[in-house]
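Asks: Compute the structure for the input listed below.
(chains A, B and C)
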Amino acid sequence: MLRFIVRRLLLLIPVLWGLSVALFLWVRALPGSPAQALLGERATPEKIRQIEIALGLDQPLYVQYWRFLEKALRFDFGTSIQSSRPVVEEMGRRFPATIELGVTALLIAVLIGIPVGYFAARRHGTWLDQLSVSASLVGITIPVFFLAYMLRYVFANQLGWLPNTGRQEARMLDVEHPTGFYVLDAIVTGNGPALSDALLHLVLPAVTLATIPLAIIARITRAAVLDVLNEDYVRTAEAKGLTARTITRRHVLRNAMLPVSTTIGLQFGLLMSGAILTETAFAFEGVGKFVAQAIPSRDYATLQGFILVIAALFVLINLLVDISYGLIDPRVRVR
Amino acid sequence: MSLQVAESAIQQAEHADEAGGGLWREAFRRLVRKPAAIIGAIFVAIFVIVAVFAPLIAPYSPTATDLSQIKGPGHIPGPSSTHWLGLDDLGRDVFSRMIYGARQSLVVGVVSMAFGMVGGIILGLLAGGLGGWVDATIMRFVDMMLAIPGLLFAIGIAAMLGQSLVSVMIAIGVVNIPVFARLLRGQMLAQREADYALAAKSLGVKRSRIILGHVFPNSLSPVIVQGTLTLATAIIEAAGLAFLGLSGADPAIPEWGRMLADTQKFLTSAPQLVFYPGIAIVLSALGFTLLGESLREALDPKNRR
Amino acid sequence: MSLLDVRDLSIVFSRRGRRDVRAVDEVTFSVAAGETVGLVGESGCGKSVTSLAIMGLLPKRGAAVGGSIKFDGTELTSLPADKMRGLRGRDIAMVFQDPMTSLNPVIPIGLQVTEVLRRHRDMDAAAASKEAASLLERVGIPDPARRLKEYPHQLSGGMRQRALIAMALACKPRLLIADEPTTALDVTIQAQILELLKELVVDSGTALVMITHDLGVVAGMCDSVHVMYSGRIVERASRWELFEAPRHPYTAGLLASVPRLDQARGEKLEPIPGSPRDTIPWTQGCAFAPRCRNRIESCTQGAPELVADKLRPDHDLRCFNPIDVAEQEAVTL
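Replies: So this is what the prediction gives:
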């Protein structure tokens, strides 16, 4: 098992290294030089030259890359043009918001998706099964931002049950945020109104973001359970006269969870893509919205830093998924 | 003696290909019996017809404004007998814009899917066909591409290539390359171990002939299924990029994603402007998804009886 | 009274949009306590479906079971599901064909043995694992304490089948059904597993229904044999009787297609012509008629009944034109 983990970790190195090279070159390939972006309207050839020397842009490419890598390893990604704050500081402010949103969405997706998929499989061919299959198809094809608007229109504009946009009400501005996770902050500081405010603001974005993963998890669970129900070992368990409960838990669900757990792990990329759209549609101040805004404002330092960190997180999460897969499935361990 | 065996192995390989042809014919027969496939095909057919014949169907020009209907600032007329879906904030006929928007979506969907599929097939074929260090290098490259969340990746490429429809299509296409590459490679590795390929190999049939002549064509069906499904995701992704402000340079050309993004400020006053393009995206994507999923089921050997 | 009494069993599978399939019909047989009975036929003849019906393991939807299955006087076809669960694994157990797929790959062997003991014999965890170790030892698995902690993929095919047998015999069932228990195994292992089964059922007095397509298996262990073809029993006799004087052309064909050591080298095997697919529905005549060497006109005009053989006592036959005993000699020679 340890050898398996080490091998997978070693495989990460070329991927991350290649990614850093690609990102470095990508920024060089972007239209408009960083110096120009920094100076904006005031750019004159001399000033641009000065800035380029100051930023080391006159050096050969490999030197520039080496500096970039050195800084990146120290989490120094430069300064965001959007906010004039160091990119790392922005990360500290934005990641908690997105993690809070993403984790809530994933919880919704898992807690609803798995039971829906399981019961659909158990009632294979009935109207309940067909309903869940059609609903998940619609869930996969509905554009995230369209769903966001529909939910906003119905639950915020028409019914007025939930807040329209943002992470907190204006009156909550003076609430303390030691961690940046608003829900956690409210619990830690024992602030009841802040907690309900943070939770209410989380509902619509989280439901929006959960839709696609929920549909996917429900589908995979259904397919996996259907496959497992046809397995010989389930018949063996039935032949042993075990109770329906034991058979479901020990023999059906445990095996069906193998593909499902992989799928859950693979949702990170989807969640991140979804977060860009969801956060923009709900004016939710997280990583996604910040990155999306970085494009029109040519905030390349932000893009470079955030993409690198997101990608590193992504590969790490995939590694964790593989390891946990090894824990559930003994057959993987020996490989 | 060995000649005979060789003959029979090659026949067997050819037989496997024939089975491939029969597979498609049989799959088609199963397909037309599936209600989901029929519904999907109808959606897709409507979508394609509307897109191709947009100028004949649309009652107005998508850019013409009819200010006579606007009774004051901020007034957005709803559906009427002259304008079936009403007008937008600039007094343009929404129905006509929806019709022309189908064109844009179809072009983006097809071109970016084709881009991703061709790129993926080239990489997958090299990796699955040559194996060894070529395979390892390509797969690390593919892993790297998969390590960036799809939309972020597309944003990055579109930002690099500048504001144009072509850059959006390339961006979405590139994002889909690793999916096709992995799929084809995996399928080819499985097919290479199939009995007919092993038999031909053991008889010294040239590797390139086995791979290009038999393994590759027999590995294509999941790639084609994925292509159908990618048409749906490409349309959704293009709308997402437009929503984020990355779309073709000309704002006058109607596009569902941008129509949705541009009208979101009227969510309270004229929610129908948001609703129409959203539903259009859902239905067209649903059409391709239903078709692709039904095709996958029809081609699945598990469902063959 | 016999332990298992199957009367007029019929099983019909129906699927939406497809014609109903009558997989088993008019199947009647009984098994006495401690007796070993063979159910023989080619794949698709209904023998496995019959065993699943006895176990109550047929799908609830789409499979209609008719007739009666009595176990120790209890009617199983109408037994409530929870009662049936209590019976399965305790009084009636089953060993399946493919040991590679019949064990749950993600939980240790030990748990798969102890779960039966804990369910039916009210054992606590410690007692169950002790009993499990002794069970594994009894079925010939060396180092049982270590094996209990291992997962199925760490065991060879033969070991897995031994483990499955241990699970089936864990509660000392009165009836064991073995469905092609050796088909998926290497030939050398096959003999070991058969020997083991024989030994275990004799020791414990368990009745055994052996389902197989392999007459060699039957020859080694069954007291009486039922030959099935296309969902019906076509011949029933004691083992000796059947091998010495098969009366149904199908049985004779099966015997003739088995290679034998006492055969002259140049002599050819005689396969039954055609395949099990070449059958006609029993409603139109004898299902075996299309492949039968002894076919006469009446074979395709109506179905024969299973009746006592006129020539031989204790021998039932479903055939209009059986092989006569004189001709028999020619076949065996």
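Asks: Chain C against chain A: which residues are in contact?
Replies: Counting by CB under 8 Å from any CB of the partner chain, chain C comes close to chain A at C:55, C:57, C:84-90, C:93-94, C:96, C:98, C:101-107, C:111, C:115-116, C:119-120, C:151, C:153-154, C:164, C:167-168. C-betas here are computed from N, CA, C, even on glycine.
Asks: Apply the buried test to those residues and list what passes.
Replies: With burial judged by 16 or more other CB atoms under 10 Å in any protein chain shown, the buried subset of the residues of chain C next to chain A is C:55, C:57, C:84-90, C:93-94, C:96, C:98, C:101-107, C:111, C:115-116, C:119-120, C:151, C:154, C:164, C:167-168.
Asks: tell me, how many neighbours does the closest residue to chain C within the stretch 101-250 of chain A end up with?
Replies: Proximity of the stretch 101-250 of chain A to chain C (CB to the nearest CB) peaks at A:Gly241, 3.3 Å away. By other CB atoms under 10 Å in any protein chain shown, the residues close to A:Gly241 number 25.
Asks: would it count as being in a helix?
Replies: No - if the criterion is DSSP: H, G, I helix; E, B strand; the rest coil, then A:Gly241 is coil and not within a helix.
Asks: Need the pLDDT of it.
Replies: The per-residue pLDDT reported for A:Gly241 equals 88.
Asks: does it really touch C:Leu117, like I thought?
Replies: No - the pair A:Gly241 and C:Leu117 fails to qualify as a contact (CB atoms under 8 Å) at a distance of 11.7 Å.
Asks: tell me, what's touching those two both at once?
Replies: Counting by CB atoms under 8 Å, 6 or more residues apart in numbering or on different chains, A:Gly241 and C:Leu117 have no common neighbour.
Asks: what about the spatially most central residue of chain B, which helix or strand?
Replies: Centre of chain B computed as the mean C-alpha position; nearest residue by CA atoms, centre = their mean is B:Leu231, 1.7 Å away. Using DSSP states H and E, B:Leu231 sits in helix B:220-243.
Asks: what comes up buried for that helix?
Replies: B:220-223, B:225-243.
Asks: A:Val309: what's its closest spatial neighbour, skipping adjacent residues?
Replies: Setting aside the residues directly before and after it, A:Val309 is nearest to A:Met91 in space (CB to CB, 6 or more residues apart in numbering or on different chains), at 6.5 Å.
Asks: Assess the claim that that neighbour and A:Thr302 are in contact.
Replies: No - A:Met91 is not in contact with A:Thr302 according to CB under 8 Å; the separation is 9.2 Å.
Asks: Which one of those two is surrounded by more residues?
Replies: Comparing A:Met91 with A:Thr302 by neighbour count (other CB under 10 Å), the higher total belongs to A:Thr302, at 28 against 20.
Asks: and stretch A:108-126, is it in reach of chain B?
Replies: No - counting by CB under 8 Å from any CB, chain B is not contacted by stretch A:108-126; separation bottoms out at 13.7 Å.
Asks: shaky segments in the chain?
Replies: Using chain A. By pLDDT under 70, the weakly predicted segments of chain A are A:1, A:32-43, A:55, A:170, A:172, A:332-335.
Asks: hmm, I had chain B in mind actually
Replies: For chain B, the stretches with pLDDT under 70 are B:1-23, B:67, B:69-76, B:83-84, B:91, B:248-249, B:301-305.
Asks: May I ask you to name the longest helix in it?
Replies: helix B:94-130 (DSSP state H).
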